[in-house]
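> return atomic coordinates for the entry below.
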Amino acid sequence: MPDFWTNLKSSGDMRPTLINWPQQLQNVKDQYLSRNASIPAGVQKDAIQNGWDARTSRKHGRGWGMSFHLDASSKPRWFMFTDWGTHGLTGRVLTEEDLDRDDLPDEERWGRFENLAFTKTGEKGSLGARGQGKFIFVAASQENRIVYDSLRCDGSYRLGTRWLERTQCPVVCFDGDSGRRQLRDYCEDIPALEQYGTRVMIDKPSAELVKAVRSGEFARLIATTWWEILRNYKVQITVDTGDGSGALAVTAPPEMDMPEKDTALHVVLLREHLPVKVGRDTYYIAKLHVAAVKDGPVQDDVRGIALQRGGMRVMNFGVPHIPDDISSRLYGYCRFEEDLDEEMKKLEDPTHFYVNLGRGVGRKVREVIEKEVQDFAEKRLGAPGAPSDDATNRDAAKRAMLELNRLAKSLGVTLRGIGTTGGGGGGGAAHPIRVTYGGGLLFPRSGSARVNYGESLKAESLCVANDLPHEIHIKVKVYLVHKQAGEDRVLLEKTLNMKAQTEETLAEPFELRITRDEFGKGEWVLKNRIIAMARVKVGKEEFAKGKIINEAGRRFWVEEDPPEAGLFEDVQAREFQPPDHQLQHRVRSGSVADRRILEYNTAHEAYQSIKSDSERVEDYVFERACMGLIEVDLASEKPKLVACPENLCPSDLFVAGAAQVARLLNTHYGG
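Numbering: from 1, shown residues only. Sure thing, here's the model as predicted:
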């Protein structure tokens with residue numbers, strides 16, 4: 001009897017699944033932003049990662065380098081980066097039949113660059129893991145277009161292009177002289193490649209990328225990400241900002257030239273060949289190197305412990321329960337031996353900005369590092385003793401919540417209206433009466449609403465605009481709200497008579513400096529409110545005197561990272577009272593309609609039996625959170641996890657829900 005699926009494939013009616021490519025690209029952007037990584041940070045990291053993986057001198061990196069170059073025009077036409085000392089994008093232009101295999105040979109570099117999610121999974125020592133990083137280059141283009149070319153190690157030349165359309169992301173390539181003619185047609189000012197290697201040209205780079213390159217931020221991102229290969233391999237990485245000063249070499253940050261013994265300025269922790277036990281297996285941290293600066297805080301972009309892999313900083317993380325006056329002075333890095341390096345690679349997400357330290361070997365690595373640094377802080381730096389079980393368990397519960405939020409988002413259960421970097425700046429038409437920040441309200445670091453003491457929020461100006469065709473009489477109030485304390489502080493209050501279609505400057509420039517005396521830690525909102533001082537008509541709506549016409553705000557966090565986006569905004573330990581005393585958990589509404597809070601019952605015998613072991617507490621809370629997620633999903637209008645729940649009787653619904661909980665747990669523990 002003919003096979004059903006074979007018949008379908010041979011019927012001639014088979015169609016490919018269409019992809020909404022603009023949304024796919026937005027998903028890539030969102031992944032980076034969810035890791036507090038800006039688009040410029042992603043561009044430099046993936047560009048160098050791709051080039052470093054392709055180096056011909058694998059052991060020593062001899063002859064390898066990369067240059068970044070911004071067009072000198074006021075509105076740059078391109079931003080390009082070029083590597084050398086590499087194989088170039090070798091291989092054929094692959095067909096669908098070529099790609100219909102488990103993986104691609106090493107030499108098919110062109111095919112892996114042109115297509116999505118094809119990588120050489122068995123290649124040890126490579127930094128790439130998912131094959132999606134190239135799309136950050138497309139995302140960095142205002143027009144979602146890139147041009148790329150390569151002079152390969154066999155002497156052949158090829159040029160390719162990629163751009164986005166609604167339902168497709170086409171690529172076109174040209175070999176030899178045909179490719180060189182296409183390059184001249186694209187831009188006569190760009191010279192032909194003279195060294196073996198690869199070049200990518202981001203067409204009409206985004207304003208964010210241009211600003212980062214011209215301000216020096218881009219070079220600093222390279223320095224803090226790639227300090228290890230800059231220092232140890234003496235590789236050449238340059239940035240030409242297009243201002244006429246030429247290509248400037250990037251050097252490792254001086255902070256990372258760390259002493260190995262105590263000095264007049266540093267107290268040092270150095271551990272090598274540090275065991276990490278996972279079940280019956282033992283892996284090793286090659287080097288844990290931490291320094292405490294005696295005379296003040298270190299820069300925010302090197303603060304904490306850097307997890308290094310293959311010469312690249314993946315992420316920094318801080319150790320909990322160390323006082324701020326000590327943790328602000330701590331920095332360093334952790335490097336892994338080969339087997340552990342490969343295991344950690346499996347826990348790294350596609351952005352290369354995050355490692356899951358909540359499960360398996362990642363959890364054990366985190367525990368070893370935290371213990372070493374906690375002991376160092378107590379014995380050498382005067383930090384208080386180990387945290388109480390309650391504090392340790394709160395941290396464990398929070399890790400479980402963050403992991404559940406990550407998993408829920410990957411399954412499509414994350415609800416609308418959740419953000420990490422503050423309000424304002426959303427889509428839709430601008431309000432005709434509004435407060436504006438000239439040049440946009442600028443935060444100290446791209447992609448994050450964290451502001452540390454001594455830093456500022458800035459704008460070229462603070463203005464109020466009236467787009468109405470008639471005069472208005474209004475009061476403008478700009479003030480601050482501390483979310484935890486409920487504190488209000490007025491920055492500016494002014495009554496104005498504004499003529500039709502005018503703008504009035506309230507402050508130029510605008511700067512909000514964050515000082516230790518005036519700002520407590522935690523979440524703040526910079527709010528503005530416009531109040532009618534006489535009856536005014538805005539469109540079809542009328543506002544009487546004293547009514548609020550328009551109100552908006554921008555959130556920021558002082559000395560704290562913004563909470564990660566997720567369905568659960570908090571997890572809380574509670575001793576449940578009757579009639580809920582037999583429940584292990586419950587879910588209640590959060591601060592906004594689309595978010596929830598998970599509470600777990602500390603009086604329940606199941607929790608009491610494991611409360612002395614923070615690792616088991618983390619697992620316990622994660623299991624409770626999985627069940628809470630099913631409850632939230634079933635209560636939503638369009639459940640994602642249980643199909644057609646309205647058609648199931650209670651017992652079947654229970655079975656279906658339990659199966660989904662098992663699926664979530666298997667995804668978490670099984671990878």
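
> give me every residue that touches Trp163.
Trp163 sits next to Val138, Glu143, Asn144, Arg145, Ile146, Cys169, Pro170 when contact means C-beta atoms under 8 Å, 6 or more residues apart in numbering. Placement of C-beta: from N, CA and C, glycine included.

> in strands only, show me those residues.
Applying DSSP state E to the contacts of Trp163, the entries found in strands are Arg145, Ile146.

> where's the residue nearest to Leu526 when sequence neighbours are not counted relative to Ala383, distance?
Excluding its sequence neighbours, the residue lying closest to Leu526 (C-beta to C-beta, 6 or more residues apart in numbering) is Arg554, at 4.9 Å. Distance of Arg554 to Ala383, given as C-beta to C-beta, to the nearest Å: 35 Å.

> re the thing from before, are any of the contacts of Trp163 buried, and which?
Val138, Asn144, Arg145, Ile146, Cys169 (16 or more other C-beta atoms under 10 Å).

> what bridges to His482?
Going by DSSP bridges, His482 is paired in beta bridges with Glu487, Trp524.

> shouldn't it be in contact with Trp524?
Yes - under the contact definition of C-beta atoms under 8 Å, His482 touches Trp524, with a separation of 5.5 Å.

> quick check, pLDDT for the most centrally placed residue in the chain.
With distances taken as C-alpha atoms, centre = their mean, the residue of the chain nearest its centroid is Arg35 (2.0 Å). Reading off the confidence values, Arg35 has pLDDT 75.

> I figured it was touching Thr351, is that so?
Yes - taking C-beta under 8 Å as the definition, Arg35 is a contact partner of Thr351 at 5.4 Å.

> could you pull out the strands in the stretch 551-671 of the chain for me?
Applying DSSP state E, counting those that start in this stretch to the stretch 551-671 of the chain gives strands spanning 568-574, 585-589, 596-601.

> Arg359: which of these is closest?
Across those, Arg359 has its closest neighbour in strand 568-574 (16.9 Å, C-beta to C-beta).

> so what touches the closest one?
390, 393-394, 397-398, 400-401, 404-405, 563, 590-591, 595-602, 621, 625, 628.

> at 7 Å instead, please
Contact partners of strand 568-574, identified using C-beta atoms under 7 Å, 6 or more residues apart in numbering, comprise 394, 397-398, 401, 404-405, 563, 590-591, 595-602, 621, 625.

> tell me where the stretch 151-300 of the chain has strands.
Under DSSP E, counting those that start in this stretch, the stretch 151-300 of the chain gives strands at 157-163, 171-175, 197-203, 236-240, 248-249, 266-278, 281-293.

> would you mind finding the most buried of those strands?
strand 197-203 (a mean of 26; mean count of other C-beta atoms under 10 Å).

> helices or strands up against that strand?
Applying 3 or more C-beta pairs under 7 Å, 6 or more residues apart in numbering; DSSP states H and E, one finds that strand 197-203 contacts strand 78-84, strand 145-151.

> skipping adjacent residues, who's closest to the residue nearest to the centre of the chain in space?
Counting by C-beta to C-beta, 6+ apart, the residue nearest Arg35 is Phe353, at 4.0 Å.

> just the mean pLDDT for stretch 3-18, thanks.
76.

> under the pLDDT cut-off, which ranges of the stretch 451-600 of the chain? List them.
Where the stretch 451-600 of the chain drops to pLDDT under 70, the residues are 483-487, 563-565, 591-594.

> which stretches in it count as helices?
Counting by DSSP state H, counting those that start in this stretch, the stretch 451-600 of the chain forms no helices at all.

> for the spatially closest residue to Pro259 that is not a sequence neighbour, what are its contacts?
Closest residue to Pro259 apart from its sequence neighbours, by C-beta to C-beta, 6+ apart: His266 at 5.3 Å. Neighbour list for His266: Pro259, Ala291, Ala292, Val293, Lys294 [criterion: C-beta under 7 Å, 6+ apart].

> give me every residue that touches the third one.
Pointing back at Ala292 there. Taking C-beta under 7 Å, 6+ apart, one finds His266, Val267, Ile326, Arg329, Leu330, Leu381 in contact with Ala292.

> switch the cut-off to 6 Å
Val267, Arg329, Leu330, Leu381 (C-beta atoms under 6 Å, 6 or more residues apart in numbering).

> neighbours of Arg335, how many?
19 (other C-beta atoms under 10 Å).

> before we move on, which element is it in?
In the assignment (DSSP states H and E), Arg335 maps to strand 330-336.

> could you do Arg445 as well?
With DSSP H and E as the test, Arg445 turns up in no helix or strand.

> how near is it to Pro40?
11 Å.

> give me the more crowded residue out of those two.
Under the criterion of other C-beta under 10 Å, the comparison of Arg445 against Pro40 puts Pro40 first, with 26 against 16.

> quick check, the more buried one in a helix?
Yes - per DSSP: H, G, I helix; E, B strand; the rest coil, Pro40 lies within a helix segment.

> from Gly216, how far out is it?
11 Å.

> same question for Thr251.
Thr251 is 13 Å from Gly216, by C-beta to C-beta.

> repeat that for Leu442.
Taking C-beta to C-beta, one finds Leu442 at 15 Å from Gly216.

> cool, Val632 as well?
Val632 is 45 Å from Gly216, by C-beta to C-beta.

> between those two, who's got more neighbours?
Val632 (20 against 12).

> what residues are up against that one?
Arg596.

> distance to Gly310 and mean pLDDT for the strands of the stretch 151-300 of the chain - can I get that in JSON lines?
Listed next are the strands of the stretch 151-300 of the chain as JSON lines, based on distance: least, C-beta to C-beta, whole Å; pLDDT from 0 to 100:
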{"stretch": "strand 157-163", "distance to Gly310": "26", "mean pLDDT": "94"}
{"stretch": "strand 171-175", "distance to Gly310": "28", "mean pLDDT": "93"}
{"stretch": "strand 197-203", "distance to Gly310": "19", "mean pLDDT": "96"}
{"stretch": "strand 236-240", "distance to Gly310": "16", "mean pLDDT": "97"}
{"stretch": "strand 248-249", "distance to Gly310": "22", "mean pLDDT": "96"}
{"stretch": "strand 266-278", "distance to Gly310": "18", "mean pLDDT": "95"}
{"stretch": "strand 281-293", "distance to Gly310": "12", "mean pLDDT": "96"}
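
> which of those sits closest to His585?
Among the strands of the stretch 151-300 of the chain, strand 266-278 sits nearest to His585 (C-beta to C-beta), with 28.5 Å.

> quick one: that closest one to chain centroid distance?
Strand 266-278 sits 28 Å away from the centroid of its parent chain (C-alpha atoms, centre = their mean, to the nearest Å).

> point out where the stretch 201-350 of the chain drops to low pLDDT.
Checking the stretch 201-350 of the chain against pLDDT under 70 turns up nothing.

> give me the distance between Met80 and Leu70.
8 Å.

> which strand or helix spans the closest residue to Thr225 other than its chain neighbours?
Distance criterion C-beta to C-beta, 6+ apart; nearest residue to Thr225, sequence neighbours excluded, is Arg313 at 5.0 Å. Per DSSP H and E: Arg313 is located in strand 312-317.

> other SSEs contacting that strand?
strand 304-309 (3 or more C-beta pairs under 6 Å, 6 or more residues apart in numbering; DSSP states H and E).

> export the strand it packs on to PDB, keeping only CA atoms.
Output of strand 304-309 as PDB, limited to C-alpha atoms (Å, rounded to 0.1, in the frame of the first residue of the first chain):
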ATOM      1  CA  GLY A 304      31.000  41.500  37.600                       C
ATOM      2  CA  ILE A 305      32.400  38.100  36.500                       C
ATOM      3  CA  ALA A 306      32.700  37.700  32.800                       C
ATOM      4  CA  LEU A 307      32.000  34.200  31.400                       C
ATOM      5  CA  GLN A 308      34.600  33.700  28.600                       C
ATOM      6  CA  ARG A 309      34.300  31.200  25.800                       C
END
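
> what lies in contact with it?
Outside strand 304-309, the residues that touch it by C-beta under 6 Å, 6+ apart are 228, 313-318, 332-335, 341, 355.

> tell me who's in contact with Phe519.
Here Phe519 is in contact with Val558 (C-beta under 6 Å, 6+ apart).

> equivalent analysis for Arg450, please.
Trp557, Asp561.
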